[in-house]
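Engineer: here you go, sequence then predicted model.
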Amino acid sequence: MSELVIEASGLRKEFRTRQGLRVAVSDLDLAVPAGGVHGFLGPNGSGKTTTIRMLLGLAHATAGSMRLFGEPVPDRLPSVIGRVGAVVESPKFAPHFSGRQNLTLLARSIGAPSSRVDAAVETVGLTGRDRDRFKTYSLGMKQRLAIAATLLKDPALLILDEPTNGLDPAGIREIRDTIRSLGESGVTVLLSSHILAEVQQVCTSATIIGQGRMLASGRVDDLVGASTSYRVAVPDPEAARRVLDVAGFHLTDDLLVETDRPAEVTQALGAAGIWLSELTPVRRDLESVFLELTSGTEMGAEQ
Ligand SMILES: Nc1ncnc2c1ncn2[C@@H]1O[C@H](COP(=O)(O)OP(=O)(O)OP(=O)(O)O)[C@@H](O)[C@H]1O
């Protein structure tokens, strides 16, 4: 089993509101292995930001335990926070300074060598635009500069909370490419998002939460699962349905058969003189897994 960079167990966060007690995170377990991009996926209000804030010592957990790099947090947070970069809210940059000037100032303030500025600019793909004023940047470029700022201290763990919020498709792609290359460079990235495509395209593993609870976790390939559905194209679906029923299969109204024995579907239909024009495996995507798991979990639970 690989080393875990983030661990949380039985994590809980309650907020007292005028409406009563709001449970934002409830008995949440989280295990993020070292290396690669781990998706932290959940509908709006499911507790992602609250969890991240607790991990970073920005919010106090009501119950549960957390570890970063094996160290208990918040108690030992000071010993590991230097290895963690996070973009949780939009950081403030000086609008009249260039991206590079902003990064240089930041590097000085945290005692990072100026060579890190070049490396960070290159990693996030801002080379060529780094000497332009911040205020002329697109939202995607601003977000990439925010990621570059966190890279100045050469973090081993990068936590990004909804980094593509408010971006257009081109901006989303820019950030996605940046995150992918960071994951490939050996940094562990925790990417919180409610955008399925984002997670499916860049993440190796993911945790899905709903109403503050962990619903599923593992490698994206395992979460999606092997294809067990086949779309059947036949001239007479009703006749095919009857034949398949007798053979112990079920043909849905969408002409799908759920099975791991597609050859037997072909055989049963062929034996009855029904010739398939198509038998297509239908791969479940993360979206369908997500929707199945999180249906009806949009809101934080009021208790
Ligand atoms: N300071 C607070 N006081 C009261 N309730 C809060 C507070 N912060 C968060 N919540 C509630 O906790 C729940 C979880 O919120 P959180 O922001 O963690 O969700 P999220 O998954 O990050 O959502 P989003 O995708 O919309 O950012 C929500 O119901 C939210 O309204």
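Structural biologist: Right, received. Where do you want to start? Just so you know, these numbers come straight off a predicted model, no measurement behind them.
Engineer: which residue packs closest to V88, ignoring adjacent ones?
Structural biologist: D161 (4.8 Å; CB to CB, 6 or more residues apart in numbering). Backbone N, C-alpha and C define where each C-beta goes, glycine included.
Engineer: ok, V121 next?
Structural biologist: D130 (4.7 Å).
Engineer: got a list of what the one you found touches?
Structural biologist: By CB atoms under 8 Å, 6 or more residues apart in numbering, the residues touching D130 are 98-100, 103, 121.
Engineer: 10 Å - rerun?
Structural biologist: 98-103, 117-118, 120-122, 124, 141, 145, 148 (CB atoms under 10 Å, 6 or more residues apart in numbering).
Engineer: what of V224?
Structural biologist: With contacts defined as CB under 10 Å, 6+ apart, the neighbours of V224 are 200, 206, 218, 283-289.
Engineer: low-confidence regions, this structure specifically.
Structural biologist: Within the chain, the segments meeting pLDDT under 70 span 1-2, 90, 225-227, 284, 296-303.
Engineer: kindly report the domain assignment for it.
Structural biologist: 4-224+290-302, 229-283 (automatic domain parsing).
Engineer: buried among the contacts of V224? Make that a ChimeraX selection.
Structural biologist: In ChimeraX, a selection of the buried entries from the contacts of V224 looks like this (16 or more other CB atoms under 10 Å):
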select :200,206,286,289
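Engineer: helix, strand, or coil at the most centrally placed residue in the chain?
Structural biologist: Central residue of the chain (CA atoms, centre = their mean): G39, 2.3 Å from the mean position. Of the three states, G39 takes strand under DSSP: H, G, I helix; E, B strand; the rest coil.
Engineer: residues touching it, list them.
Structural biologist: Contacts here follow CB under 10 Å, 6+ apart; on that basis G39 touches 189-193, 195-196, 198-208, 217, 220, 223, 286.
Engineer: equivalent analysis for A59, please.
Structural biologist: Contacts of A59 (CB under 10 Å, 6+ apart): 13, 15, 24-25, 49-53, 74.
Engineer: got CSV for those residues, with secondary structure too?
Structural biologist: Converted to CSV, the contacts of A59 look like this (three-state DSSP):
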residue, secondary structure
K13, strand
F15, strand
A24, strand
V25, strand
T49, helix
T50, helix
T51, helix
I52, helix
R53, helix
P74, coil
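Engineer: out of these, which comes closest to A112?
Structural biologist: Comparing those against A112 with CB to CB places I52 closest, at 23.0 Å.
Engineer: count of neighbours near that closest one?
Structural biologist: 21 (other CB atoms under 10 Å).
Engineer: swap in D132?
Structural biologist: A count of nearby residues for D132, using other CB under 10 Å, gives 14.
Engineer: need the contact list for the residue lying closest to it once chain neighbours are set aside.
Structural biologist: For D132, ignoring the flanking residues on the chain, the nearest one in space by CB to CB, 6+ apart is S98 at 5.9 Å. Counting by CB under 10 Å, 6+ apart, S98 touches 104, 129-137, 145.
Engineer: just those that are near the ligand?
Structural biologist: Near the ligand, taking CB under 6 Å from any ligand atom as the test, no member of the contacts of S98 is found.
Engineer: just say helix, strand or coil for the residue of the chain positioned farthest from its centre.
Structural biologist: Most distant residue from the mean C-alpha position of the chain: G273, 47.6 Å away (CA atoms, centre = their mean). The three-state label given to G273 by three-state DSSP is coil.
Engineer: got a list of what it touches?
Structural biologist: The contact partners of G273, taken as CB under 10 Å, 6+ apart, are 239, 243.
Engineer: give me the distance between G10 and the ligand.
Structural biologist: Going from G10 to the ligand by CB to the nearest ligand atom, to the nearest Å gives 17 Å.
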